[in-house]
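*Asks:* quick one: sequence and predicted model below, then my questions.
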Amino acid sequence: MNIVMAMFGAVSQGLTWAILALGVYITFRILDFADMSCEGSFALGGSVSAVLMVRLGWDPFLTVIAATLAGMLAGYVTGFLHTKLKIPAILSGILTMIGLYSINLRIMGQANTPLLGQRTMISIGKGLLPEAAELGILDSTLQTWVTMGIGLVFTVAVIGLLYWYFGTEVGCCIRATGNNEVMVRAQGVNTDHMKILGLVISNGLIALSGALVTQSQGYADVKMGVGAIVIGLASIVIGEVLFLRPRNFALRLFSIMIGSIIYRMIIAVVLQLGLNTDDLKLFTAIVVTIALSIPALKKNKAVVRKRS
């Protein structure tokens, strides 16, 4: 029974974190830009959402919008550092991430902000349903189902919007910039603007995910983004391996969502088997390494077969 409940919890977490993975996908796969500001943007989204609810009494849905806008601003800063000040991509992201750590502390005024007794999207969703006792389930189970539903709605909506947007002229220019920047520039497209726009969208989604995770777990923490980039990459890689790197863009986006869920399920299983939580980051690194090495191993195996 415990493993079943753990799986449900993993699915709900996978859906809320899938939006982060979609944001990471835009920079790392579409733009071919190593954006390290992901961890700071994720915590920024959580910090903004929590503070607006706790101190200003904002509606939880409005705080998600505000968090997304804050993340977009962070993405713009990274893009500005890279395109206008000519700072290397990876350093631009690192500088933004370092700066966001202090900014997040300033926003919250402390290392973490609990949402005890606050009205969140989860509590609103639970309020629309019968009591857990009436349904014959635990309150924690009901909360998991509500989180799963909210995560699914947001993730599917984001996938739909991304599929539409990257099919537009501007969206295609962003994709082309990642594929061949020189060729796109020769066509008269301002590639600097495309990079900034891609980073703005990416970090906006990452901050949105941070706001959703904050409301689902009940607190925001200045270090909640630590390791987020590895989690996003793990979700992307697992999805690509499972779906054999699909050519269809919609299927690619869908595979990332599935990859995020599978990753969380793997984590849930190993925790049930007794893995120390201190080793989770190491385990994630190993999973990503194995997944990334599969294409190379297959290629080497094919070469060996051909020679023999």
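*Replies:* Sure thing, it's come through.

*Asks:* give me the buried positions along the worst-scoring helix or strand of the chain on mean pLDDT.
*Replies:* In the chain, the helix or strand scored least confidently by mean pLDDT, DSSP states H and E is helix 280-307, which has a mean of 76. When burial is assessed from 16 or more other Cβ atoms under 10 Å, helix 280-307 yields the following buried residues: 284, 287-288, 291. Every C-beta, even on glycine, is put in place using the N, C-alpha and C of the backbone.

*Asks:* and stretch 211-228, by the same measure?
*Replies:* Counting neighbours by 16+ other Cβ under 10 Å, the buried set in stretch 211-228 is 211-217, 219-222, 224-225, 227-228.

*Asks:* do stretch 102-113 as well
*Replies:* In stretch 102-113, residues buried by neighbour count (16+ other Cβ under 10 Å) are 103-104, 107-108, 113.

*Asks:* returning to that earlier point: what is the least confident helix or strand of the chain packed up against?
*Replies:* helix 228-243, helix 249-272 (3 or more Cβ pairs under 8 Å, 6 or more residues apart in numbering; DSSP states H and E).

*Asks:* so which of those helices is nearest residue 130?
*Replies:* Between residue 130 and those, the shortest gap by Cβ to Cβ is with helix 249-272, which sits at 26.9 Å.

*Asks:* who are the packing partners of the closest one?
*Replies:* Here helix 249-272 is seen to pack against helix 2-25, helix 139-165, helix 228-243, helix 280-307 when contacts are counted using 3+ Cβ pairs under 8 Å, 6+ apart.

*Asks:* closest to residue 178 out of these?
*Replies:* Minimum separation from residue 178 across the helices and strands packed on helix 249-272 (Cβ to Cβ) falls at helix 2-25, 11.0 Å.

*Asks:* what helix or strand is the residue nearest to residue 252 when sequence neighbours are not counted on?
*Replies:* Distances taken as Cβ to Cβ, 6 or more residues apart in numbering place residue 246 nearest to residue 252, at 5.5 Å, with adjacent residues excluded. Secondary-structure element containing residue 246, defined by DSSP states H and E: none, the residue being outside all helices and strands.

*Asks:* residue 246 and residue 212, how far apart?
*Replies:* Remark: distance between residue 246 and residue 212 (Cβ to Cβ, to the nearest Å) = 26 Å.

*Asks:* got it, and residue 203?
*Replies:* Spatial separation of residue 203 from residue 212 under the definition Cβ to Cβ is 15 Å.

*Asks:* same question, residue 117
*Replies:* 19 Å.

*Asks:* now do residue 134
*Replies:* 27 Å.

*Asks:* residue 166 reaches residue 176, doesn't it?
*Replies:* No - assessed by Cβ atoms under 8 Å, residue 166 is found out of contact with residue 176, at 10.6 Å.

*Asks:* quick one: which of those two has more around it?
*Replies:* Neighbour count, other Cβ atoms under 10 Å: between residue 166 and residue 176, residue 166 has more, with 20 against 17.

*Asks:* for that one, phi and psi?
*Replies:* phi -80, psi 0 (degrees, to the nearest 10).

*Asks:* that one - nearest residue in space that isn't next to it in sequence?
*Replies:* Residue 166 sits nearest to residue 175 (Cβ to Cβ, 6+ apart), 6.0 Å away.
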